[in-house]
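S.K.: Sequence unavailable; structure follows:
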């Protein structure tokens, strides 16, 4: 099969690597408007050719929108227009799904579109960040599959099978609520931690000399790209606000217990938090 | 040299492993009141013998207090009483230093005590968590060294040199402020994240099925032991409260920007947070 990757960066590029080496993709056609990224994608070997969007849809069996969600929302109707009336399948890989599905709703080629979210990534971005094996063993969510044709869904299941992902199915609104808790809030807590310490660094030049492994681990996501995260947080606004509010409450619980010299309450909060052991290895 | 390890757990046990295999310690004497931990420490080989506190001080050249900071504060005067008038050196490895130094202040054996903080660890604890190489290349802070005898400081420098640590020197109050920013707050943000998601799990049983690598990374420290962290947060109260307040402000900045559909402001916050790249690999 020929695969079109619109945005051969961390996600799109990593897909290209594994789909090709595992024999799922015969040819990979990339679409990339930034010249330096396009050249890197070719040089790294993420795409056989960099082509226009029209040529990409024309030559591909599956077209993957692997750009930030605001760009994907703008591209989806155009790509569906180009794909309409063919056997071609269009997917996106964005972290917010309800907005994507709304954009596609009512399009005459809606059944050719499958909304997917492969839950994998790193805090890096661009073609340089692409890597083999990124998706192995991770979860991939398909949303609102009843709006897609069964044949299109089967084709996309084949693609994620080649990426070694565990596929599950969910409504797009439920997906967006879930990822607010288990992905989006983690990014905000990391950004806030980075901002807190960077603020202090203005007075205390050497504060980072002491930074521990624990700090690096909790702040790692603060390196994530604004291009990707601004539209995610903006589009998943309701869910994200709800999670931030709960989170701030929990921080205030700690504050109150520490402020009130209440060791028993601090212990309760920590031991309750320890229950995360049940879930995270 | 003979090394006494009071509490051969994650930190004390890991010290024992490396000090022995690198030839710094001839004999390691452990003090451990919990029977199952004592047996594990012997079986794993963290100590040659488990002895009483008195026998440990008697037989050791360096005595390491590697217990939670509240326990270390209670033990320090007793251990200094036992060590007084000898060449023996006493150190602690706690994450809060001003309280430890206050406890030692004015003791006739104060000069035999060196306050140290090896900045290494994992979210696990107990003798089972001890591992070789834990300290390699990490920072170790010595506090208020002018209160210790130069000879004692040199001996302890030798010990941390054997552990491959980079030693630096700081006032205990400055240390406590610094670690509030680069270690303690990371633990609180992880606990708060765990509590936030565990709360939601009561209604949404499968929320963790979607947990991403990013979530695991930011929540990892929430597995940390209450025995260790309750006294740290309680004793470093003033510093920790100040950092929590700044942190909550940063969270609120995000909340306000997202609530106000202010994409430009979300971008500013993220790009400011991205500057952490300068510091963390």
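M.R.: That came in fine, so what should we check first? Note that the structure is predicted; figures quoted are calculated from it, not measured.

S.K.: residue boundaries of the helices in the stretch 1-150 of chain A?
M.R.: Under the criterion DSSP state H, counting those that start in this stretch, helices of the stretch 1-150 of chain A are mapped to A:10-21, A:35-44, A:53-59, A:69-83, A:98-104, A:150-162.

S.K.: Output these in CSV, with mean pLDDT appended to each entry.
M.R.: CSV is the format used below for those (pLDDT from 0 to 100):
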stretch, mean pLDDT
helix A:10-21, 98
helix A:35-44, 97
helix A:53-59, 98
helix A:69-83, 98
helix A:98-104, 98
helix A:150-162, 98
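
S.K.: Format these as a markdown table; extra columns: distance to residue A:205 and mean neighbour count.
M.R.: In short, each C-beta sits where N, CA and C put it, glycine included. Formatted as a markdown table, the helices of the stretch 1-150 of chain A follow (distance: least, C-beta to C-beta, whole Å; neighbours: other C-beta atoms under 10 Å in any protein chain shown):
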| stretch | distance to residue A:205 | mean neighbour count |
| --- | --- | --- |
| helix A:10-21 | 33 | 24 |
| helix A:35-44 | 34 | 16 |
| helix A:53-59 | 48 | 17 |
| helix A:69-83 | 38 | 19 |
| helix A:98-104 | 43 | 20 |
| helix A:150-162 | 48 | 17 |
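
S.K.: Go through those and name the closest to residue B:117.
M.R.: Of all the helices of the stretch 1-150 of chain A, it is helix A:10-21 that lies closest to residue B:117, at 37.2 Å by C-beta to C-beta.

S.K.: now that closest one and helix A:35-44, what's the angle there?
M.R.: Between the axis of helix A:10-21 and that of helix A:35-44 there is an angle of 20 degrees, by axes from the mean of the first three to the mean of the last three C-alpha atoms, to 10 degrees.

S.K.: thinking again about what came up before, quick one, which of the helices of the stretch 1-150 of chain A gets closest to chain B.
M.R.: Chain B lies closest, by C-beta to the nearest C-beta, to one member of those: helix A:69-83, at 8.8 Å.

S.K.: Give me the pLDDT value at the residue in the stretch 1-150 of chain A that chain B sits nearest to.
M.R.: The shortest separation between the stretch 1-150 of chain A and chain B is 5.0 Å, found at residue A:119 (distances taken as C-beta to the nearest C-beta). The predicted structure scores residue A:119 at 94 on the pLDDT scale.

S.K.: Please pull out the lowest mean pLDDT helix or strand from chain A.
M.R.: Ranked by mean pLDDT, DSSP states H and E, the helix or strand of chain A with the weakest confidence is helix A:213-219, at a mean of 91.

S.K.: what helices or strands is that helix leaning on?
M.R.: With contacts defined as 3 or more C-beta pairs under 8 Å, 6 or more residues apart in numbering or on different chains; DSSP states H and E, helix A:213-219 has these neighbours: helix A:185-201, helix B:185-201, helix B:213-219.

S.K.: what's the next secondary structure element after it?
M.R.: Taking DSSP states H and E as the definition, the helix or strand that follows helix A:213-219 towards the C-terminus is helix A:226-235.

S.K.: so how far is the longest helix anywhere in chain A off the chain centroid?
M.R.: In chain A, ranked by residue count with DSSP state H as the criterion, the top helix is helix A:237-259. A distance of 24 Å separates the centroid of the chain from that of helix A:237-259, by C-alpha atoms, centre = their mean, to the nearest Å.

S.K.: Just the buried residues of it, please?
M.R.: A:237, A:239-240, A:243-244, A:246-248, A:250-251, A:253-255, A:257-258 (16 or more other C-beta atoms under 10 Å in any protein chain shown).

S.K.: out of everything not next to it in sequence, what's closest to residue A:208?
M.R.: The shortest distance from residue A:208 to any residue other than its chain neighbours is 4.6 Å, reached at residue B:279 (C-beta to C-beta, 6 or more residues apart in numbering or on different chains).

S.K.: quick one: stretch A:83-97 near chain B?
M.R.: No. Judged by C-beta under 8 Å from any C-beta of the partner chain, stretch A:83-97 and chain B are separated, with a smallest distance of 9.4 Å.

S.K.: just how off-centre is that stretch within its chain?
M.R.: For stretch A:83-97, the distance from its own C-alpha centre to the chain's C-alpha centre is 16 Å (C-alpha atoms, centre = their mean).

S.K.: Ok, stretch A:39-48 next?
M.R.: 21 Å.

S.K.: which residues does residue A:10 contact?
M.R.: Listed by C-beta atoms under 8 Å, 6 or more residues apart in numbering or on different chains, the contact set of residue A:10 reads A:121-122, A:124-126, A:129-130, A:134.

S.K.: 10 Å instead, please
M.R.: With contacts taken as C-beta atoms under 10 Å, 6 or more residues apart in numbering or on different chains, residue A:10 has the following neighbours: A:66, A:120-131, A:134, A:225, A:228.

S.K.: Equivalent analysis for residue A:157, please.
M.R.: Contacts for residue A:157 (C-beta under 10 Å, 6+ apart) come out as A:114, A:116, A:140, A:142, A:145, A:165, A:167.

S.K.: cool, residue A:56 as well?
M.R.: Residues touching residue A:56, when contacts are defined by C-beta under 10 Å, 6+ apart, comprise A:2-6, A:28-31, A:47, A:49-50, A:63-64, A:79, A:82.

S.K.: just to revisit the earlier point, can you pick the most crowded of the contacts of residue A:10?
M.R.: residue A:127 (28 neighbours; other C-beta atoms under 10 Å in any protein chain shown).

S.K.: can you confirm residue A:272 is in a helix?
M.R.: Yes. The secondary structure assignment for residue A:272 places it in a helix, going by DSSP: H, G, I helix; E, B strand; the rest coil.

S.K.: Where do the domain boundaries of chain A fall?
M.R.: Listed by automatic domain parsing, the domain ranges of chain A are A:2-171, A:175-278.

S.K.: Make JSON lines from those and add distance to residue B:208 to it.
M.R.: Formatted as JSON lines, the entries for these read as follows, by distance: least, C-beta to C-beta, whole Å:
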{"stretch": "domain A:2-171", "distance to residue B:208": "10"}
{"stretch": "domain A:175-278", "distance to residue B:208": "7"}
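
S.K.: Of all these, which one comes closest to residue B:19?
M.R.: Taking C-beta to C-beta, domain A:175-278 is the member of the domains of chain A nearest to residue B:19, at 20.8 Å.

S.K.: Quote the end-to-end distance of that closest one.
M.R.: Taking C-alpha to C-alpha, to the nearest Å, domain A:175-278 runs 22 Å from one end to the other.

S.K.: do stretch A:74-92 as well
M.R.: Separation of the first and last residues of stretch A:74-92 by C-alpha to C-alpha is 12 Å.

S.K.: got it, and stretch A:36-50?
M.R.: Per C-alpha to C-alpha, the first residue of stretch A:36-50 is 12 Å away from its last.

S.K.: Relative to chain B, how far out is residue A:272?
M.R.: Computed with C-beta to the nearest C-beta, to the nearest Å, the distance linking residue A:272 and chain B is 6 Å.

S.K.: Leaving out the residues flanking it, which one is nearest to that residue?
M.R.: Computed as C-beta to C-beta, 6+ apart, the closest residue to residue A:272 that is not its neighbour in sequence is residue B:195, at 6.0 Å.
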